[in-house]
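Enquirer: Using only what follows, build the 3D model:
(chains A, B and C, ligands or ions: 1)
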Amino acid sequence: MDSQAIATSPEHTPSVEHAHPPYLRHHFETVEQQREASSFGMWLFLLTEIMFFGGMFAAYLIYRNWYYPAFVAGSHQLSIVLGTINTAVLIGSSFTMAMAVYSAETRNRKALITYLLLTITLGLVFLGIKSDEYHEKWEKHHVPGLNFSVHDFVNVNPAYPDDKPLPLDMAEKTQVYFSLYFAMTGMHALHMIIGISILIILVIKAYGGSYTDGHVSTIENFGLYWHFVDIVWIFLFPLLYLISRHQ
Amino acid sequence: MSEPTANPHHVVGPKVYLAIGGTLLLLTGATTAISFVELGVFNAVVALAIAVIKAMLVVLFFMHIRYSSKLLKLTVAAGFFTFLVLISMVMTDYISRAWGLW
Amino acid sequence: MSTASTIVKLPPQEGATLPKKSYLNSEYGLKSWLLTGDHKRIAILYLISITFMFFVGGAMAGLIRLELLTPQSDLMATDTYNKVFSMHGIVMVFLFLVPSVPATIGNFLIPIMIGAKDLAFPKINLLSWYLYLAGAAFTIAAMVLGGVDTGWTFTTPLSTHYLNTHVVTAGLGIFIAGFSSIFTGLNFIVTIHRMRAPGMTWFRLPLFIWSHYAASILMVLGTPVLAISLVLVILERTIGIGIFDPTKGGDPLLFQHLFWFYSHPAVYIMILPGMGVISEVISTFSRKRVFGYTAVAFSSVAIAVFGFFVWEHHMFIMGVSNYSALVFSLLTMLVAVPTAIKIFNWSATLYKGSITFETPMLYAFGFLGLVTIGGMTGVFLGSMGMDIHLTETYFIVAHFHFVMVGGMLMAYLSGIHFWWPKMTGRMYPEQVSKLAALTTFIGFILTFFPQFILGYLGMPRRYAAYPPEFQVLNVLSTAGATVLGIGYLLPMLYMTWSLKYGKIAGANPWQATGLEWQIQSPPLTENFLETPIVDHEAYDYEWLANKTQHEVQTVG
Ligand SMILES: [Cu+2]
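Expert: Prediction:
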């Protein structure tokens, strides 16, 4: 890898440098070093997130192969329309987040605040739709552990009249599908909630003039987090909603 | 070997973001539409391929990896590599468990 | 660079005085410690909290050995015994061994060794300490509220369905402590990549840095998988989702896969930093560059990478596929190679070295011998046939205690003694500490060697009672544990004593080459007066000997 030392180089001594901006922390030599370090740190954190969700994706892969009919029946209980809308909403919020980073880079405070607020709004819309879906699952008794009933799976699903009802033992296995559904989308939603809370703080600080003074690392790194949450959904959407439409 | 601190910060503009955002929306529409067509096993393959393309677009452009140092590119690759190790090594058990004893 | 040893004769440090300004007295008051961003102060905070947890876990170990003195379960009820050994494992693994060397010695030294003022993210470093405290608090709460009896492995469905103890509290504690470890690893990786002084290229880094780098990769990539498996266990216990629950269609073995995907690499998270300590100590007291520097450096990375490919050897008897077990068994043999490379290179470093036997070196010798036995018995357990006979017996208990206690704890104590003068500015008392090192070694062998035999004879682990014919060996083991306990109490006492009465150490008492020895002891808050420029390899004793005058950066 980089066999050159990057911390400092002799021709890069602070005296040559322009005066240190206030946001340069004392243990870094240059702004660029600080910025590189913080985005590298953020990426490493996202690696842990990949592995965190990775465990659940592995579980999904295994159980889908074991209980294919149950996964088909389970996914036929989800609304593709809502799923597609939510995907579009989240992609939209990723776009507005990217534009927020751009606004910070171009030191446009008004645009920054607008885009951050738009991102919050889209995030809330996503969560709203998601909670509506959760509510529906609850009413249909599809929540394993709390109020699960196999009723919908041993009978014909009106939305998919061609589906044969499942035998009882396979119908029981839809609990695995819904366990994964709730664990995965729940963890994803938790990440969204954390993200929105941070966004609110960012907006307040942006009002105070932060992030448009050349120090964009915070906004940039938060952007990375938000996009990562988007990517998780980009995979959850086909896995949970789409790929089991046909038997 | 890599481009260290001297690497000037690359600002990605709204045009790129718009193009990428639009493509992502198109791909979302496409993947939903294709899911209504009966393709057998290829339903899953196509849906996942589209998801991978979408994820790559987000990583490369929204997350600026296309303009980032080798170190960051390698970091992303390492994450996916370890994820693949988890998946594939777990699968060695699940695939062959039913093969029974020697 | 030569293959022979070079004896460095620095000016005598007899008349050394403590520097007027250092990180210890730059600020006063509790707040200046609890809100500090200084990696050295955070290391000290960790040192205190980890030592506390070590004695908590040690007390549990003492209770276990006392119970096993007699064949009947007479000291405590069997389920109390289960709680005691569970708590011993949880505390020792997650709250002592995982953070032991990295969070204390590593935290203190990594920035100094690479010539930086601090870790890349001082606030996150402080946050990891608070997360550690929170994790420890939850774990202790679980213990005080009535304990948890899953063993440290949280095996499903035992942990999710059959136990009425505080699994959720303990699980949350480990989840939180896991994030402490993730943030430490993340901080180290960024620091090593981005904060190195001019001229400090990758192949001039001390091997201590390489091994911490490798361990950090494991922390960042492995720990989240433990986190998700614990989250799923907690969700299964509280709401009753069915991912591991066989009655709902889940597979309990999947929990094992996820758990060991972290917990096998965790062994390397624990041992790799210790190996880094050993490299430094052996080089210093043989006055020779570590033999095969590049091989040792890359073997650390190789251990980290291979570490992700072998976890299933913990599951051979649990009903996994035979074919897959074969693959994992072969891969397990592979991971022994880089470890062996290290052992051989350390031995070659000793060859023709000018060896002296200071306390850190004694511990390092203990490490070499014990970790070799521990590693070799690991090969027994990694081979499928032997494993069926030996697993879940005291053989496996002895095996991992040889690696963890005989290896890691020896390395930890070696490192603490070695860098004590740097951390505090004062020497530990040499004679008593040699006695302590010897006591530890004898106590260790006496405690754990009989357990190999017990295991081979078939005594299962995790039971409070055993057939009377095993009593002699168990009594031996308990006697050894007593000696071992004294061996651990001694350093605790004389280290505290030395804070006030120890001889003043001077900047470089060992005549060692690392950057940390070229600055005053204890260091300044900003470590270096000016950023050092590195122009020599690591362990270059000729460079140190040829320095016309030993410029130690001291203030006051
Ligand atoms: Cu292992």
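
Enquirer: Can you give the distance of stretch C:319-326 from its chain's centre?
Expert: Computed by Cα atoms, centre = their mean, to the nearest Å, the chain-centroid distance of stretch C:319-326 equals 31 Å.

Enquirer: Going by neighbour count, list what's buried in that stretch.
Expert: C:Val320, C:Ser321, C:Asn322, C:Ser324, C:Ala325 (16 or more other Cβ atoms under 10 Å in any protein chain shown). C-beta: built from backbone N, CA, C; applies to glycine.

Enquirer: List the ones among these that fall in strands.
Expert: Secondary structure defined by DSSP state E assigns none of those to strands.

Enquirer: of all the residues you listed, which comes closest to C:Tyr213?
Expert: Ranked by distance to C:Tyr213 (Cβ to Cβ), the buried residues of stretch C:319-326 are led by C:Ser324 at 30.7 Å.

Enquirer: is it true that that closest one touches B:Ala98?
Expert: No - the pair C:Ser324 and B:Ala98 fails to qualify as a contact (Cβ atoms under 8 Å) at a distance of 11.6 Å.

Enquirer: host element of A:Lys130?
Expert: Taking DSSP states H and E as the definition, one finds A:Lys130 inside helix A:109-139.

Enquirer: and the next helix or strand after that helix, what other elements does it pack with?
Expert: Downstream of helix A:109-139, the next assigned helix or strand under DSSP H and E is helix A:151-154. In terms of contacts (3 or more Cβ pairs under 8 Å, 6 or more residues apart in numbering or on different chains; DSSP states H and E), helix A:151-154 is packed against helix A:68-75, helix A:168-172.

Enquirer: Mind checking if the last one is in reach of chain C?
Expert: When you say that, I think you mean helix A:168-172. Yes - against chain C, helix A:168-172 shows contacts by Cβ under 8 Å from any Cβ of the partner chain at A:Glu172.

Enquirer: that older thread, quick one: which of the buried residues of stretch C:319-326 sit in helices?
Expert: Residues from the buried residues of stretch C:319-326 lying in helices, with DSSP state H as the criterion: C:Asn322, C:Ser324, C:Ala325.

Enquirer: and the gap between the last one and C:Ala227?
Expert: It refers to C:Ala325. The span separating C:Ala325 from C:Ala227 equals 26 Å under the rule Cβ to Cβ, to the nearest Å.

Enquirer: which stretches of the chain have low pLDDT?
Expert: Answering for chain A, as no chain was given. Using pLDDT under 70 as the threshold, the predicted model of chain A has low-confidence ranges A:1-20, A:22, A:247.

Enquirer: Switch to chain C, please.
Expert: Counting by pLDDT under 70, chain C contains low-confidence ranges at C:1-3, C:10-15, C:548-556.

Enquirer: just the helices in the stretch 151-300 of chain C please.
Expert: With DSSP state H, counting those that start in this stretch as the criterion, the stretch 151-300 of chain C has helices at C:167-194, C:207-238, C:252-286, C:293-306.

Enquirer: For the residue of the stretch 251-400 of chain C found nearest chain A, which non-adjacent residue is spatially closest?
Expert: Sorted by distance to chain A under Cβ to the nearest Cβ, the residues of the stretch 251-400 of chain C start with C:Leu258, at 5.0 Å. Once its chain neighbours are removed from consideration, C:Leu258 has its nearest residue in C:Ser229; the separation is 3.9 Å (Cβ to Cβ, 6 or more residues apart in numbering or on different chains).

Enquirer: The one you found touches C:Phe255, doesn't it?
Expert: Yes - with contact defined as Cβ under 8 Å, C:Ser229 and C:Phe255 form a contacting pair (5.9 Å).

Enquirer: Show me whatever sits in contact with both of those two.
Expert: With contacts taken as Cβ atoms under 8 Å, 6 or more residues apart in numbering or on different chains, C:Ser229 and C:Phe255 have C:Phe154 as neighbours in common.

Enquirer: Report the spatially nearest residue to A:Tyr102, omitting neighbours in sequence.
Expert: Once chain neighbours are set aside, the closest to A:Tyr102 by Cβ to Cβ, 6+ apart is B:Pro14, at 6.1 Å.

Enquirer: Would you mind listing what in chain C touches chain B?
Expert: Of all the residues in chain C, those in contact range of chain B (Cβ under 8 Å from any Cβ) are C:193, C:217, C:221, C:225, C:253-254, C:257, C:261, C:308-309, C:311-312, C:319-324, C:327-328.

Enquirer: now do 6 Å
Expert: Residues of chain C lying near chain B by Cβ under 6 Å from any Cβ of the partner chain: C:Leu221, C:His257, C:Phe261, C:Phe308, C:Val320, C:Ser321, C:Tyr323, C:Ser324, C:Val327.

Enquirer: any idea how far C:Asp251 is from B:Val45?
Expert: 25 Å.

Enquirer: Can you pick out the residue with more neighbours from the two?
Expert: The neighbour count for B:Val45 versus C:Asp251, taken as other Cβ atoms under 10 Å in any protein chain shown, is higher for C:Asp251 (22 against 12).

Enquirer: Pull the number of nearby residues for the residue lying closest to A:Leu239 once chain neighbours are set aside.
Expert: Counting by Cβ to Cβ, 6+ apart, A:Leu239 lies nearest to A:Tyr60, which is 6.1 Å off, once chain neighbours are set aside. A:Tyr60: 22 surrounding residues under other Cβ under 10 Å.

Enquirer: Could you do A:Glu136 as well?
Expert: Applying the criterion other Cβ under 10 Å, we find 14 residues in the vicinity of A:Glu136.

Enquirer: would you say C:Glu469 is within a strand?
Expert: No - the assignment for C:Glu469 by DSSP: H, G, I helix; E, B strand; the rest coil gives helix, which leaves it out of any strand.

Enquirer: what packs against whatever helix or strand C:Ile416 lives in?
Expert: In this structure, C:Ile416 sits in helix C:410-424 according to DSSP H and E. Counting contacts by 3 or more Cβ pairs under 6 Å, 6 or more residues apart in numbering or on different chains; DSSP states H and E, helix C:410-424 is packed against helix C:252-286, helix C:359-382.

Enquirer: try 10 Å this time
Expert: The helices and strands touching helix C:410-424, judged by 3 or more Cβ pairs under 10 Å, 6 or more residues apart in numbering or on different chains; DSSP states H and E, are helix C:39-67, helix C:100-101, helix C:107-113, helix C:252-286, helix C:359-382, helix C:430-457, helix C:471-501.

Enquirer: most neighbours per residue, which of the ones you listed?
Expert: When the helices and strands packed on helix C:410-424 are scored by mean count of other Cβ atoms under 10 Å in any protein chain shown, the highest mean neighbour count falls to helix C:100-101 (a mean of 30).

Enquirer: other SSEs contacting that helix?
Expert: Counting contacts by 3+ Cβ pairs under 10 Å, 6+ apart, the secondary-structure elements packed against helix C:100-101 are helix C:39-67, helix C:207-238, helix C:252-286, helix C:410-424.

Enquirer: interface residues of chain B facing chain C?
Expert: Near chain C, the residues belonging to chain B are B:4-5, B:71, B:75, B:78-79, B:81-83, B:85-86, B:88-102 when assessed by Cβ under 10 Å from any Cβ of the partner chain.
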